Every structure is written in C-alpha cells, then in structure tokens.
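Q: test case, fold it:
(chains A, B, C and D)
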4 protein chains.
Amino acid sequence: MYFASDNSGPVHPQVMAALNAANEGYQMAYGADTLMNEVRDRIRGIFEAPGAAVYLVATGTAANSLALATLAQPWETVFCSPVAHIHEDECNAPEFYSGAKLTLVPGEDKMTPEALRGSILAEETRGVHGPQRGPVSITQVTERGSVYSLAELQALCAVAKQYGLPIHLDGARFTNALVALNCSPAEMTWKAGVDAVSFGGTKNGLMGVEAVVFFDESKAWEFELRRKRGAHLFSKHRYLSAQMAAYLQDDLWLTMARQANANCARLADGLRAKGASFLHDPQANMIFAQFSRARHKQLHEAGAVYHLWGAELDDSDDAEILACRLVCDWSISAEQIDQFLDLL
Amino acid sequence: MYFASDNSGPVHPQVMAALNAANEGYQMAYGADTLMNEVRDRIRGIFEAPGAAVYLVATGTAANSLALATLAQPWETVFCSPVAHIHEDECNAPEFYSGAKLTLVPGEDKMTPEALRGSILAEETRGVHGPQRGPVSITQVTERGSVYSLAELQALCAVAKQYGLPIHLDGARFTNALVALNCSPAEMTWKAGVDAVSFGGTKNGLMGVEAVVFFDESKAWEFELRRKRGAHLFSKHRYLSAQMAAYLQDDLWLTMARQANANCARLADGLRAKGASFLHDPQANMIFAQFSRARHKQLHEAGAVYHLWGAELDDSDDAEILACRLVCDWSISAEQIDQFLDLL
Amino acid sequence: MYFASDNSGPVHPQVMAALNAANEGYQMAYGADTLMNEVRDRIRGIFEAPGAAVYLVATGTAANSLALATLAQPWETVFCSPVAHIHEDECNAPEFYSGAKLTLVPGEDKMTPEALRGSILAEETRGVHGPQRGPVSITQVTERGSVYSLAELQALCAVAKQYGLPIHLDGARFTNALVALNCSPAEMTWKAGVDAVSFGGTKNGLMGVEAVVFFDESKAWEFELRRKRGAHLFSKHRYLSAQMAAYLQDDLWLTMARQANANCARLADGLRAKGASFLHDPQANMIFAQFSRARHKQLHEAGAVYHLWGAELDDSDDAEILACRLVCDWSISAEQIDQFLDLL
Amino acid sequence: MYFASDNSGPVHPQVMAALNAANEGYQMAYGADTLMNEVRDRIRGIFEAPGAAVYLVATGTAANSLALATLAQPWETVFCSPVAHIHEDECNAPEFYSGAKLTLVPGEDKMTPEALRGSILAEETRGVHGPQRGPVSITQVTERGSVYSLAELQALCAVAKQYGLPIHLDGARFTNALVALNCSPAEMTWKAGVDAVSFGGTKNGLMGVEAVVFFDESKAWEFELRRKRGAHLFSKHRYLSAQMAAYLQDDLWLTMARQANANCARLADGLRAKGASFLHDPQANMIFAQFSRARHKQLHEAGAVYHLWGAELDDSDDAEILACRLVCDWSISAEQIDQFLDLL
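A: Down below sits the predicted model:
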C-alpha cells in the first residue's frame, strides 16, 4: 500500500530485462549506440513527426530545464501555473539553465486561456525594462492530477501562438494523460500547437529516462550542446536507450499508464463510496482525497504510505478532515487498492 | 578487441545483479533510500573519513562541475592541466556550474609543483581586476594515462595550500590510479591534501555512477542544493546506490581496476616487444602507442576498434608512424589482448 | 511642466559645479581617488555606521542587483512586492546577477508582515526541491509613491529576521522617504533591521550615482569582486565620488528631496481641490491621480508631460476618468505646479 | 608628470562644457534623448555604416562583455591574446556575460594569423565534448602598446571568416590606433572584416563613455536587452550622449589621440636618446621602457608617477635594469615630457 509517489516503485520487469539484454559487448558512447537509432525512429513514429529531434536525459528536471533553455532567451519570462513543477520543485533549475524568469499565471491548477492572455498582456508595455515574453510551459498531467482536454490544450496554444510564443509541454506523466484522453501523441502535442515535449518515463516504470522531443529540428544541435554543457550526456548511453526501447515495445508504456490510471480510479471510486471528498477531480494517476485524521492514523498504522497535504498527523482533533495525496504507478495492484479501501 | 574507451564496455554482472536485486518493492526517492545509507558508510570507511559528505551523480562531468562549483567562487580561476577533462571535454560545464574560469598550468600532461606555483603567482597582482585564485583540479589517472605518485600529489597540494587554495581530484579513473600506486584512498586524497574527490565508477564497470566526496562536511548542504539545481538529483536514486554498493562489495572495484591495468600492461609489453613506442609512459589502463599506418590498417581490418590520436587512416604513406589511444576496461580479457598482439 | 519621471530633469548646479571642480589634474583610478575616502566617511557618518562598507555604482539596477547577489545564493528566492522595481523594471538583472528567483509577496503595493510571513511559510516545506528562502527586498519609497513607516519597516524586518533572512532596501528614492518620515538614515535602515541599502542619488538630482551600503563589512570584498565582474567599476571613479560628495555637502540631498516632496504635496493638494482622486495616498514625490480624459487632453495640449497609467489618450469618451503618474524631482518649481493646476 | 594610466587624467574641457550645456531642462530617459540621435548618426557617418547599431555604455569592460555576449553562445570559446584585457583585467566579466570561455592564442602580444589558425584548428575535433569555436577578439591598440596594421587585421579576420567566426575589436584605445595607422574607421573595422567594435572614449578624454557598434543591425534588439539586463542602461542617458557628441565634434577625438601619440613618441625618442631600451616597439600612446633602478628612484623622488612592470622599487642593486609602463593621454603636454626627460 504505497501511494507516496510514482517515483518510489520498482522498474517494470520488461525494462529490467532490456537492461540486462543490452549489457552485452561494446557500444559507441554518448548517444551513438545502435539502440538510440531505434528509439529515435520509434518516437518519431509514435508522434507522427518524422523530422523531430529526439534526445534522452535521466531526470525530469533536466528534460524541462534543457527544453526551456532551448526555447527561451535569458531576458524572457516563462509562463506557467503557480503549481508547476518547474516553479515549485526544481530548485531554480529552469532559471539556471535558461536565465529566464517564471511568470505565474493566476489560478489554482490548470491555466486557462483567459488567465494566460492576461499574464501575457501584463508583460506587454515596459519595452526594454521588463522581461520579454517567452515560452508557455504546460504541465500535462498537472501537479494536482488534472488533465487538460485537447480543446483546452489547443486554446492555450492558440493564445501563445497569437503572441508568437513557443510552447513546452512538461509531460512527466505524459502517458497517464494520453490514456486518460484516449488520443494520439500527435494530437496532444504538435497538432495542438506544442513545440517541445518532456516525454517522461521515470514516473511510469522506467529507472530514469525522459525523452525531449522538438518538432522543429532546427534547435537540435543547440540542445545537444546544452545537454553536454549541463553534464547530462551519458557516456554509457545505451542503458538509457534500452529503457526507452523497452518502454515503447509492445505498448508497454500505454499498458503501464492504463493500469496506473485504472487503479487510481478504483481507489477514487472506493474513497468516494466511503464518503471521502476530493480537492481536485481525479483524472489520471494522482488524487487528493480528504478524510478524518482518525482514518489517516488508522491507515498509517496499518502500513499505508502516502503524504498528507498541508497537514500533520499530530494529536489534534481526530475528527478533523485532512487532505492527502495518493499516487499510483504501474506497480500498484487492484489488490493493494482493495486492501487500502478495506481499512477505511 | 575493443580499445576505443572505457565508456564502451558492459556493466559488470555483479552490478547488474545488484540492480536486479534492488528492483523490489518501494523505496523513498531522491537519495533517502536505505541503500544510500549503506553506500555512505562504506565510502566513509574506505576513505577513513567518518565525517565525509558523500553524494552520487550519474556522469563524471556532473561530479566535476558540481564539486568545482562548490569549491570555487564565480570570480575565481581554477588551475588545471591543459589536457584536463574539465578543460577539453566538458563543453564549458565547469564554467557553467561554477562561474569561474580555468587557468591552464603550462605542461604536456601532469602538472608540476613549479608550473603550478608559476601559474598561481602569475594571477597574484591585479587586485580586483584579474580573476582571483581558486581551486586546483588534479586529474588522477591523467587523460594521457599517467599516474601522479603520492609524493607528486603531496607536492602539488602543498603548493595549493600555501596559497590557501582548495584541491579537487578528478578521479574518473580513481581506482586505476589507486591500484597502480598500491596505496589507500585516504593516502591518495585527504592525507595528501585533497579536499573533494570525483570518485568515478562509470569507467570502471558501472552503468553510470560517480560519487562526490567532500572531506569537510560544511559544504554538504550547498552541494545538495547545487545538485538539485543542476537537475542531477535522481528520483529513483536507489538504482545509483545499488550500483555503488555492488561496486564496493567484496573489492569488486579494486578487482576490476586491477584487471584493466594488468591487461593494459600486458598490451603495452606486447607492443613494446613488437617495436612500438609510446607517447606517454603507460601507468594505468590507457596507453598511447605508435606504429606504422600499415599496421593500423591491418588491425582495423581485423576488427580492432580504437581511436587514432591526431592522425587519419588515409591513403598516405603506409610506413608513416601514427599514434593511437588504447584503453582497457574491466571487461577486456587477456585473450583479447593476445589476439590483438598476434595480429601485429 | 515635466512630470514624466525623476529621471528626466537636469543635474543640480552644485553637483555640476563639483564635477567641474573635480576635473583638475590626476587621480588614481578605480575607486582609489581621494574624494572617495571623503564620501565613504560621510556616508558612514550619516548612517551612524562607522564600519559600513560603501561603494558607488552608476545605475539603480546595478545597485540592487549587486546588493542582492551579495546577499542571496543562486538556489534561493528573494521576497518582494509584485510591483517592485527589481521584478518589473530590471529585465531579469537581479536574477542574472544573483542566480536567485523572486517570490512575489501578494499585495498591491507595500508588503505587509502577514503577507510576507505567508510567503516565507509557503516556501518552507520542500527541502532540496524548492528554492530556499533568501533575502527580503523592500522598496522605500515604493513604486506607487508610498512610504513605509518606521514601525512598518521594523515589523517586516522582524519577520525576516525570525527566519534568518537578510534584508535589502531598494532606496532609489531613499531621501524622499527619509524626509517624509523625518527620521534618521540609521532609523530607516540598520536600526530597523536592514542589512544592505541601495542609496539612490540619480533620481534626486545626480547625474548617475547610487551608493551601496552594507552594515556588515564582511561582504565588502565579495561586493568589490562582483562589481568588477559585472563591469560596474568605473576607471574615472572620481566623477562618481564628486557627485556624491556634493550631494551630501550642506544637506543638498535633503534639500532637494524636501523640495520635490513639498512640490508634489502642493500638486496633490491642488488636484484634490480640483476634485481629482488618487489611486494611492501621495506620500513622497510621486502621485497617481485620476481625472477625466478631457482634462488630460487639455493638459497635454498645453505642454504638460507625464505618463497615463494603464490608459490611452485616444478618441474614447472624454468624460472617462483616467489615471496618470506625476513625478516631481528637485527641479520642479512651485510655479510649474501652479501653472499646471491653473490649467485644470 | 603622470604616466600611470590614461584613466587618470581629467576630462577634456570641451567635453565638460558639453556636459554643462546638456544640463538644461528635461529629456527622455534611457537613450531616448535627442542628443543620442545625433550621436548615432555621427558614428554611422564616421564608420561609413549607415545601418550600424550604435549603443553607449559607461565602462570598457561593459562594452567588451556585452559585445562578446551578443556574438558568442555559452558553449563557445572566444579566441584572444594571452594579454588581452578581456582575459587579464575584467575579473571574469566576459565569461559572466557570455557564458563562453576564452582560448588564449599563443603569443606574447599581437595574435598572428598562424597562431590563430592553430588555436582554431585545435578546437576542431571533439564534437559536442569540447567548447565550440566562437568569436575572435582583437585588441587595437594592444595592452602592450602595439598597433595591428591594416594588413594584419585583414589577415586575422580572413582566418576567422574562413571558419565562420565573428570578429570583435576591443577598441578601448581605438583612436590612438586609428591616428597611428592614418586610416579610416571603416578600414580598421568592417572593411577588414570586423563585426562589432568597442569604440572607447574613456581613455581618450571622456568621463566614462564607450560606444558599441554592430555593423549588422540584426543583433540590435538583443544587445539592448543584454545591456538592460546587465544594468548598464543609463536613465540620464543624455550625459553619455553629450560626452560622445562633444568627442566627435570638430575632430576632438582625433586631436586628443594625435596629441597623446605625439607626446608618447616624444617621450620614447627622448628615452631612446638617453639609452633606454623598450620591451615592445612604441606605436601609440603607451610604452614599456627599461632603465636602471637608480633612475626610477630619481624619477619617483622628483614626482613622476608611473607603474613599474614586474619589478619593485626596493633596496636591490641600483644598477639593475627595470621595466616600466608609461602612458600618455590627451592631457600630457610636451612640457611634462621634457621635464621628465630632463630628470634622466
């Protein structure tokens, strides 16, 4: 009963098998391994983007920071949600890599086109004095477990494009959103207007691999240099390639995300049936549920692991309603969900 | 017959086994995994440094850049050899992370105390106008396959200490040097005067792990923040820990380095016997040998893989003597060496 | 009738006279001029801070950015008002120099202790993932023409000190605030808890000089290096010193600020008498007044120069009430004010 | 008898007069002053470059750092002489602004085309691992008082252009070189192949103004943003414009440089007649002369002010030959020169 994070579970056995299989003989270092050619082709195929530039890095923060640095100038500002990972959880890495600052588009979770336009307009009139308007970064799935619909993505991108701004998609949970929307990767990205994607794997069963995909290949060499200068180019790159190749083999990526989402939905349904309420409407593999401190205590004592959300498990009133964050990854089973629900 | 790089071979089977074994159940992310506690203790033990700060990153460039950024101020200069990896092969990463510049101490390979002192003195007299004197970075094994003796290390450190400068050891091939010197890790580092070490594993049988060790714990929190800000903190950190734990288990690290060095010595002896000369005296797992273009061609045709050094395998005079770099890692066997030598 | 900015008026004749007087013979460059010794002593005396570190730079953005860089680490966040100059009008210079990001404390203009505490607490719980809490930057006079009372400054500083955070005062209009409060420089700075001050002169009759004052001398050498590295150390520094010496001579700085504030008050009173309302309570030398588009047109036609505030002088309804910003510097006379008011 | 630096003398009276004259009434801030339009046109005319982008900053380090940042990418290296001001005397400012590193082209003073080509070729073969080749920065007059001939400039630029590298000219003593060569500004810059110039005024009679000129206007807006982000945009910009306008009026810039060069030549001739030798052939307004410690002592006692060069005026052997640097600016008179020579 481990719901603390989709960073805490094991790597999928097929991915481990691929790592073991790749551990044979000699391979050119630094991305010139033969598996990377395969990965590049597959990702281009999956995204229906034969000219896309595709690179692998090992952390989501690296993917986001390097992608944004390639899209933004150091005198610009990046528009994002106040709860974006790039703002709250990357210890200034996006600023370090890009030199740009972040403008927080007002809102609680998802950006709305109106709020985005308002923030863009607010940066309009100071000439050389204010930061210049830079990329828009959209998190899909959001840090609150929400999923932008295709229409919402298109509307945000339309606002950005109106002002000539490039669009970055932080897809640390890309596949969980994709299966929630039941759409194609192309629809969720370049067909909506997205220019660059952090295509995450680490939170969905990999050991530590994220792809960065640029639909316009002209930034490719710059990205390669930025990756190296950021110390994110792996010498034994084949072990990144192997993970990603296994991920995309036989729809494993989709299977894992579907399982995570389904079990999370099962958990949400169960909690709802038990009377819990939610801070945000559960749409992918992450939910923010509320129930009494007494129940939280009971669950913790029974071995459930998860984070309270802005609250503490102290000696206060046991009837008080406290929020928590529950995350499922591919490894969570229906049995664990039911065991958890049975405790309530 | 693969001598192109110690970045090209497979991961040692015991390390893969450890990764497979670690792939069980749930673990706290971001370095709070239980294996990391074990790793920290082992490294402290190996270095006889119970208070050392120990961190893992995935690339050697990250280890070097983050260590130097923690030791240097952005208005300082780092003293290093003109052939140091941090100068030649890291695409400005040390400068990006630290803000400092590099001062190249004149010489062909190893720094001498006299040359180091000369470079330090040359930066002495410009007050606020010139860069300030910062850390000294020593590469052990050097990029030319040389090993500093303990006396040489001590002498370099003594010069640095005389001017109050901290010392960084780029130990991408730390263990190859250690077994070449047959000394203790403490002797090769803090007992000689070193303040921070990039303790490499990737070039010696790991998938991608380097430890950074600070003997003065006061910089620990700063390093943690710099690592996160650089996007080098792994969420599924247990897989870094597992590699390093296996590395240090039952002297695997030493065994692999001894094997690499021994086979490299076998190769050097064999080449010498065949009349080859060397650009640098072979001392660890890397040699720079010279023989005729004709022989190079013959070896390449027979499947040997290695890099020529400042030369091309073109249609020029076959009798011309060309240099090459030959590197052995743990996976190279005596049989491969002999097969290679037999071709000559 | 020029109210567009306190950056637009001439230099006070006594300052020009001092520049002419300083233009004699030879002087050591780069801050070693004899006048700088005098300036340093005077500023230390004025601030009752005999150990203060005192430096001159030529722009307010340089003063702010260098002061913040010296107080902040690159993984920290600086707390400031959403309308702070460092956020809105310095094109990422504070971020460029410090590496830190800015956290906007919610509010319309002045920060309140409650809001500051809330923002500090909101940055508390993410460990290495979020930016660390860094300096608090207070603008006095604010960008909306407001003046923090001594009690307000003390309360803000108390909150910052409770969390161990240093405090920077952006005093681009320091003297206008000082004479509005009728307090001592020490009271408005270190006695309230301020650690470093941008002590502006450019907006109060100088050609281009701001002093940066650190009450703790331990950061002095770092500041000197940062100033040089930022290309802000003047070779012919005597001409900065001469301006500041004249500024502090015979209370010229106070006289100019009193005149600016007095004339601005005269303007506010006159506007109030004519029925204008104010977006912010006028407290120093800058007011945000509201009256009809018709009156704005009439004033512009009569030669008055000032900026509308979020509005345009177009062909819309002439009765519409539009805001404007009116700024007085030392050079504005009572006659100009009356002439302006007579036009209404 | 002040030969310590061309940073130590007074501002030319005509420049002070222009500052006084500009100190009238109100002017738009931040470079929108009417004088700046005049300055831009004059510089375009002088350089025969009607489309050039022209900006003013207050320090030579700012001019160089901002120009290089606009020409270089952060993963590149800038080629320059080991004695270039950007390397020795700017405390990492060029690296701070550009992110690039510096490659020192071997040599004692002026770069030769052969040495430049060698350094460029040496950076050729490491792909993404090494820094990429970036701009070439040429100092004219060099820091050793040498002047590149037009043929030498053309040859250096030809090498750079062959590899597609942009060329920056550090012209802190631009006019001294120009009058030494008796050529046109266009010949010494874009006609030779130069892309951007730091056109210095501070060392030639101004208070503190350098123009940055880009012959390709496409980098103009980027430069403006970099200048603001670097805190180098002056609010009361008219006082920069006024200096530069006076400088270019009635050939004042040329007159001052001719006088400085002529007096320096008179000094060199006199020293030669007295038996002094020179470290470098005197070509502009700076000479490196050698004579005995006894004579240095005698001169210092008589009130001459200048810097010894790598030597000390201590109690060693009075017959020892010591080098010194002697610099003339516009304000040095023939009488001072003769007085100095008479002392020998």
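Q: quick one, longest helix in chain A?
A: helix A:252-273 (DSSP state H).
Q: flag every buried residue along that helix.
A: A:252-253, A:255-268, A:270-271 (16 or more other Cβ atoms under 10 Å in any protein chain shown). Just so you know, the C-beta spots here come from the backbone N, C-alpha and C atoms, and that holds for glycine as well.
Q: over to stretch A:124-133?
A: Result for stretch A:124-133 [16+ other Cβ under 10 Å]: buried residues A:128, A:130, A:131, A:132, A:133.
Q: near chain C, from the residues you listed?
A: Subset of the buried residues of stretch A:124-133 in contact with chain C: A:128, A:130, A:131, A:132, counting by Cβ under 8 Å from any Cβ of the partner chain.
Q: output the buried residues of stretch A:124-133 as TSV; include the columns distance to chain B and secondary structure.
A: Putting the buried residues of stretch A:124-133 into TSV (distance: Cβ to the nearest Cβ, whole Å; DSSP: H, G, I helix; E, B strand; the rest coil) gives the following:
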residue	distance to chain B	secondary structure
A:128	25	coil
A:130	25	coil
A:131	20	coil
A:132	23	strand
A:133	25	strand
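Q: can the longest helix of chain A be said to contact chain B?
A: No. If you take Cβ under 8 Å from any Cβ as the test, helix A:252-273 misses chain B, and the best it gets is 14.3 Å.
Q: alpha carbons of that helix, as PDB, please.
A: The C-alpha atoms that make up helix A:252-273 are tabulated as PDB, following Å, rounded to 0.1, in the frame of the first residue of the first chain:
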ATOM      1  CA  LEU A 252       4.300  -1.300 -22.500                       C
ATOM      2  CA  TRP A 253       4.200   2.500 -21.900                       C
ATOM      3  CA  LEU A 254       0.500   2.600 -22.600                       C
ATOM      4  CA  THR A 255      -0.200  -0.600 -20.600                       C
ATOM      5  CA  MET A 256       1.500   0.700 -17.500                       C
ATOM      6  CA  ALA A 257      -0.200   4.100 -17.700                       C
ATOM      7  CA  ARG A 258      -3.600   2.500 -18.200                       C
ATOM      8  CA  GLN A 259      -3.000   0.200 -15.200                       C
ATOM      9  CA  ALA A 260      -2.000   3.100 -13.000                       C
ATOM     10  CA  ASN A 261      -4.900   5.200 -14.100                       C
ATOM     11  CA  ALA A 262      -7.400   2.400 -13.700                       C
ATOM     12  CA  ASN A 263      -6.200   1.500 -10.200                       C
ATOM     13  CA  CYS A 264      -6.200   5.200  -9.300                       C
ATOM     14  CA  ALA A 265      -9.800   5.400 -10.500                       C
ATOM     15  CA  ARG A 266     -10.700   2.300  -8.500                       C
ATOM     16  CA  LEU A 267      -9.200   4.000  -5.400                       C
ATOM     17  CA  ALA A 268     -11.100   7.200  -6.100                       C
ATOM     18  CA  ASP A 269     -14.300   5.300  -6.500                       C
ATOM     19  CA  GLY A 270     -13.800   3.400  -3.300                       C
ATOM     20  CA  LEU A 271     -12.900   6.500  -1.400                       C
ATOM     21  CA  ARG A 272     -15.900   8.300  -2.800                       C
ATOM     22  CA  ALA A 273     -18.100   5.400  -1.700                       C
END
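Q: quick one: distance of that helix to the chain centre.
A: Distance of helix A:252-273 from its chain centroid, counting by Cα atoms, centre = their mean, to the nearest Å, is 17 Å.
Q: show the backbone phi and psi for the residue of the stretch 101-250 of chain A found nearest chain D.
A: When scored by Cβ to the nearest Cβ, the stretch 101-250 of chain A has residue A:225 as its residue closest to chain D, at 4.2 Å. With angles defined as degrees, to the nearest 10, residue A:225 sits at phi -70, psi -40.
Q: before we move on, back to that, report the two of the ones next to chain C among the buried residues of stretch A:124-133 separated the most.
A: The distance between the two most remote of those (Cβ to Cβ) is 10.2 Å, for A:128 and A:131.
Q: common neighbours of the two, please.
A: residue C:91 (Cβ atoms under 8 Å, 6 or more residues apart in numbering or on different chains).
Q: hey, C-alpha coordinates of the helix or strand encompassing residue A:86 in PDB?
A: According to DSSP states H and E, residue A:86 maps onto helix A:85-88. The C-alpha trace of helix A:85-88 is given here as PDB (Å, rounded to 0.1, in the frame of the first residue of the first chain):
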ATOM      1  CA  HIS A  85       6.900  21.500 -11.100                       C
ATOM      2  CA  ILE A  86       9.300  23.900 -12.800                       C
ATOM      3  CA  HIS A  87       8.300  26.600 -10.300                       C
ATOM      4  CA  GLU A  88       7.900  24.600  -7.100                       C
END
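Q: what lies in contact with the next helix or strand along the chain from that helix?
A: Per DSSP H and E, the first helix or strand lying C-terminal to helix A:85-88 is helix A:93-98. The contact list for helix A:93-98 (Cβ under 8 Å, 6+ apart) reads A:61-62, A:64-66, A:68-69, A:72, A:74, A:76, A:78, A:86, A:100-102, A:226, A:230, B:228-231, C:74, C:95, C:99, C:101.
Q: packing partners of the helix holding residue A:86?
A: Where contact means 3 or more Cβ pairs under 8 Å, 6 or more residues apart in numbering or on different chains; DSSP states H and E, helix A:85-88 is packed against helix A:60-71, strand A:76-80, strand A:101-104, strand A:132-139.
Q: residues contacting the shortest one, please?
A: Applying Cβ under 8 Å, 6+ apart, the contact partners of strand A:101-104 are A:76-82, A:84, A:86-87, A:94-95, A:119, A:123, A:131, C:92, C:95, C:101-102, C:104.
Q: what's the distance between residue A:142 and residue B:231?
A: The gap separating residue A:142 from residue B:231 is 21 Å, by Cβ to Cβ, to the nearest Å.
Q: can you map out the helices along chain A?
A: So, for chain A - with DSSP H - the helices run A:13-22, A:34-46, A:60-71, A:85-88, A:93-98, A:113-122, A:150-162, A:174-181, A:185-188, A:220-229, A:238-248, A:252-273, A:293-301, A:334-343.
Q: redo the ones you listed as a markdown table? Include mean pLDDT.
A: Below are these laid out as a markdown table (pLDDT from 0 to 100):
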| stretch | mean pLDDT |
| --- | --- |
| helix A:13-22 | 98 |
| helix A:34-46 | 98 |
| helix A:60-71 | 98 |
| helix A:85-88 | 97 |
| helix A:93-98 | 98 |
| helix A:113-122 | 96 |
| helix A:150-162 | 98 |
| helix A:174-181 | 98 |
| helix A:185-188 | 98 |
| helix A:220-229 | 97 |
| helix A:238-248 | 98 |
| helix A:252-273 | 97 |
| helix A:293-301 | 93 |
| helix A:334-343 | 93 |
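Q: right, and these - which one's nearest residue C:314?
A: helix A:113-122 (17.3 Å).
Q: what separates the closest one from the chain centre, distance-wise?
A: Remark: helix A:113-122 is offset 23 Å from the chain centroid, using Cα atoms, centre = their mean.
Q: list the buried ones in that helix?
A: For helix A:113-122, by 16+ other Cβ under 10 Å, it's A:113, A:115, A:116, A:117, A:119, A:120.
Q: which ones, among those residues, also lie beside chain B?
A: Among the buried residues of helix A:113-122, no residue lies close to chain B (Cβ under 8 Å from any Cβ).
Q: distance to residue D:328 for these - can I get that in a markdown table?
A: Putting those into a markdown table (distance: Cβ to Cβ, whole Å) gives the following:
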| residue | distance to residue D:328 |
| --- | --- |
| A:113 | 65 |
| A:115 | 63 |
| A:116 | 61 |
| A:117 | 61 |
| A:119 | 57 |
| A:120 | 55 |
